[in-house]
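[1] Pasting the sequence and the predicted model now:
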There are 2 protein chains.
Amino acid sequence: MSSQDGAVTSVSRRRSATRSVTLQDVAEIAGVSAQTVSRVLRVPDEVSPHTRERVETAIREAGYVPNLSARNLASNRSKIVATVIPSLSASIFSETLTGLSSVLAPEGYQLLLGYTDYDDKREEELIRSLLGRRPDGFFMTGTLHSPAVVRMLTTSGVPVVETWDWTDTPLDTLVGFSNEEAMYAMVSSLHEAGYRRLCFVGRLHKGDHRSRRRLDGYLRAVADHWPGAEPRVFDASEFPLTLEAGGRLLDAARQAHPDSDVLVFSTDVFANGALLAAAERGIAVPGEIAISGFGDFELSRLIRPGLTTVALPNTTIGQEAARMLLRRMRGERPAKPHVDMGFQIRRRASA
Amino acid sequence: MSSQDGAVTSVSRRRSATRSVTLQDVAEIAGVSAQTVSRVLRVPDEVSPHTRERVETAIREAGYVPNLSARNLASNRSKIVATVIPSLSASIFSETLTGLSSVLAPEGYQLLLGYTDYDDKREEELIRSLLGRRPDGFFMTGTLHSPAVVRMLTTSGVPVVETWDWTDTPLDTLVGFSNEEAMYAMVSSLHEAGYRRLCFVGRLHKGDHRSRRRLDGYLRAVADHWPGAEPRVFDASEFPLTLEAGGRLLDAARQAHPDSDVLVFSTDVFANGALLAAAERGIAVPGEIAISGFGDFELSRLIRPGLTTVALPNTTIGQEAARMLLRRMRGERPAKPHVDMGFQIRRRASA
DNA sequence: AGCGCTATCGGTAGCGCTAACAGAAGATGT
DNA sequence: ACATCTTCTGTTAGCGCTACCGATAGCGCT
């Protein structure tokens, strides 16, 4: 049993029994060198039409699929964009992902997906493992990261685009909007509409930085419009991000702050849930209590009363982020690496 | 300018200026061989505690992140699960993805994501490019695939799990339910409830095979319950998968089949949209027209009237599929490679 | 005939890692 | 004292691909 590989041909010992077709196999079929096959795949123009056709036939015949790990290793480019989002379930991000992928896929990039579940520790581990694939670009949700994450991303030198928030000191590029300004604008709009006793309702979770920023905007706006007043805030951290929880929050927040005339939710999920629950229990909106949201889902437009909320560039933020990454991955340094995609206040019947 | 690499050390010509830290670098810092560093990462028990500690310090010090492409190439395992879904936007699939990822991530697997937009051609290209990463497993939505797809997947030898549908001839393993039986059960339930003039409304798109299967179940049930009757069907292929379209379909379908007493939608998206539109326009549900859906979203439970629909194992299908893949990726051959996750009819006020 | 250019192809040397084997050092049994 | 086993570490040879360089042939021009 000194030698367990019986076949002693030019081919040396094989590790795996189920090896797939390689460039060399195709080259032998076509009667050219492996290098030429590689060229047909990458730079077909540099190969004569005659040879190219022979090689292409051989590729089809052999059912050859290039090994991208090997290509990655040799070329130092992976054609992978690592994507970090807080949660898959939240439908908002899936729209952003769709936008991102719709621009990147035609350029041959694939999305390597990871979600953090609004947990900083998980984000750190996730990024470490994603970096292992040597992605050509990094798509990040949010702009607040742990020092470890910042260090890993900067030393890796990968182009990064941060989204869904705003900062003056981005890691690399930034395609977002200011959650704080958006909430400030919402509060101002409610103030203008005559509401006087607002109550913020949102998850102030450690990891949900965007919700935190919205609270910041709320607090600043309240301080500006009602100087000296004690701001009403209800922490919904213990509630899951569901419509049903929004219904329970309608009660919980009103119980905590019975004098409120409008509940300012940090997300449309909760706000729509509250609207549904209010209808169910015969609570008049906006008569008894007004409600505002954040995100402008499709449901928010169609539900009755229509939800007053903040419209965000869900899909376009993904597309623009993709375009930004593409430029950076080509080695360009965009003149304007910060893009504010803005937001819009949508005033409807609920407030 | 005969030689552009000035540094003539033991290190040979480097291709990329911004090379990252390698195993060798860590080995030199720790004063051991590269192999030992590799072992610390993969099989720490085979390294003495003393050496291990030195190496771990060196890893942290150097900020080393293993290159998984190289590992993949050398070990013939990628720790990647390729994931094919029709669409990111449809929230149903994101729940399945969450389930899938929650089981696979702890085992060190990453999801490489691709979506087909309900297009068979795109599915083919997508799978080809995903195969290039040599994934350890394949997660597929649906059981109907083009011959090219079947050939690619079978010859590649990758473990596959098909989901969200049913077939007697799966490619490999199957974790799903029968869309046809589910719709059959829904029609029977409606029949039992006294409805007599059903109208199926759904997208019969080329690529949306699940919708097609539901139609099949509908047609079979109608033939069984009302022998000889002409089944009412409204093709919604031209409508996008949105709540708003559901509202338009309410009108369009009733116009096409004015005698219908219940609209049987192929998805909760349309059905909920129809409910919202009916409320808006003062159409009594189920008085004037009854409505049923498919999918049992959270909204369907909370909207009024509650939506009569089919509950599907959204999250659990992802978890169970992940467990199935894990077994297969360990080389096991499950005794029962087909799992029917079932479904449930939820009767509520809308029908 | 010789020059310079382009177009087309092949050979070589890695990319960073792991599998397989080999070897050194110490522990154990007789 | 010796052989034998165990534990730990190092050496070697690739994995499949691409970057880089070099070779050749053909072309137009002087």
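    Happy to help now that I have it. Numbers count the residues shown, from 1 in each chain, chains lettered A, B, ... in the order given.
[2] Look at residue A:230 and say how many residues are nearby.
    Residues lying near residue A:230 (other C-beta atoms under 10 Å in any protein chain shown) number 7. For every residue, glycine as well, the C-beta is placed using N, CA and C.
[3] Mind telling me what element the closest residue to DNA strand D within the stretch 201-350 of chain A is part of?
    Going by C-beta to the nearest atom of the strand, DNA strand D is nearest to residue A:331 of the stretch 201-350 of chain A, at 13.6 Å. Assigned by DSSP states H and E, residue A:331 belongs to neither a helix nor a strand.
[4] most centrally placed residue in chain A?
    residue A:85 (4.4 Å; C-alpha atoms, centre = their mean).
[5] Can you name the residues of chain A sitting close to DNA strand C?
    Residues of chain A found near DNA strand C (C-beta under 7 Å from any atom of the strand) are A:4, A:15, A:32-33, A:35-36, A:39, A:45-48, A:50-52, A:70, A:73-74, A:76.
[6] Which among these count as buried?
    Taking 16 or more other C-beta atoms under 10 Å in any protein chain shown as the criterion, what is buried in the residues of chain A next to DNA strand C is A:32, A:36, A:39, A:47, A:51-52, A:70, A:73.
[7] how about a markdown table for those, with distance to residue B:208 and secondary structure added?
    Shown next, in a markdown table, are these (distance: C-beta to C-beta, whole Å; DSSP: H, G, I helix; E, B strand; the rest coil):
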| residue | distance to residue B:208 | secondary structure |
| --- | --- | --- |
| A:32 | 43 | coil |
| A:36 | 42 | helix |
| A:39 | 40 | helix |
| A:47 | 40 | coil |
| A:51 | 42 | helix |
| A:52 | 37 | helix |
| A:70 | 36 | helix |
| A:73 | 39 | helix |
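[8] Next, see if stretch A:81-88 gets close to chain B.
    Yes: contact of stretch A:81-88 with chain B (C-beta under 8 Å from any C-beta of the partner chain) involves A:83, A:87-88.
[9] got it, and stretch A:304-322?
    Yes: interface with chain B: stretch A:304-322 contributes residue A:304 (C-beta under 8 Å from any C-beta).
[10] in that stretch, what's buried?
    Per 16+ other C-beta under 10 Å, stretch A:304-322 contains these buried residues: A:305-315, A:317-322.
[11] swap in stretch A:281-296?
    A:283, A:285-286, A:289-296.
[12] ok, residues contacting that stretch?
    Residues from elsewhere that reach stretch A:281-296 (C-beta atoms under 8 Å, 6 or more residues apart in numbering or on different chains): A:92, A:182-183, A:186, A:190, A:195, A:214, A:250, A:254, A:260-272, A:274-275, A:277-279, A:300, A:305, A:307-312, A:314, A:346, A:349-351.
[13] Which members of the residues you listed occur in helices, if any?
    Applying DSSP state H to the contacts of stretch A:281-296, the entries found in helices are A:92, A:182-183, A:186, A:190, A:214, A:250, A:254, A:268-272, A:274-275, A:277-279, A:300, A:314.
[14] Make a PyMOL selection of whichever of those turn out to be buried.
    Entered in PyMOL, the line below selects the buried ones among the ones in helices among the contacts of stretch A:281-296, by 16+ other C-beta under 10 Å:
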select buried, chain A and resi 92+182+183+186+190+214+250+254+268+269+270+271+272+274+275+277+278+279+300+314
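[15] thought residue A:89 was touching residue B:99?
    No: using C-beta atoms under 8 Å as the test, residue A:89 is too far from residue B:99 to be in contact (10.3 Å).
[16] Please give me every residue in contact with residue A:275.
    A:246, A:285, A:291, A:303, A:305, A:307, A:350.
[17] Need the max-distance pair from the residues you listed.
    A:246 and A:305 (14.8 Å; C-beta to C-beta).
[18] what sits against residue A:185?
    Residue A:185 neighbours (C-beta under 8 Å, 6+ apart): A:310, A:343, A:345.
[19] Which of the three states applies to residue A:180?
    Recorded secondary structure, residue A:180: helix (DSSP: H, G, I helix; E, B strand; the rest coil).
[20] Quick check: nearest residue in space to it, chain neighbours excluded?
    Closest residue to residue A:180 apart from its sequence neighbours, by C-beta to C-beta, 6 or more residues apart in numbering or on different chains: residue A:217 at 3.7 Å.
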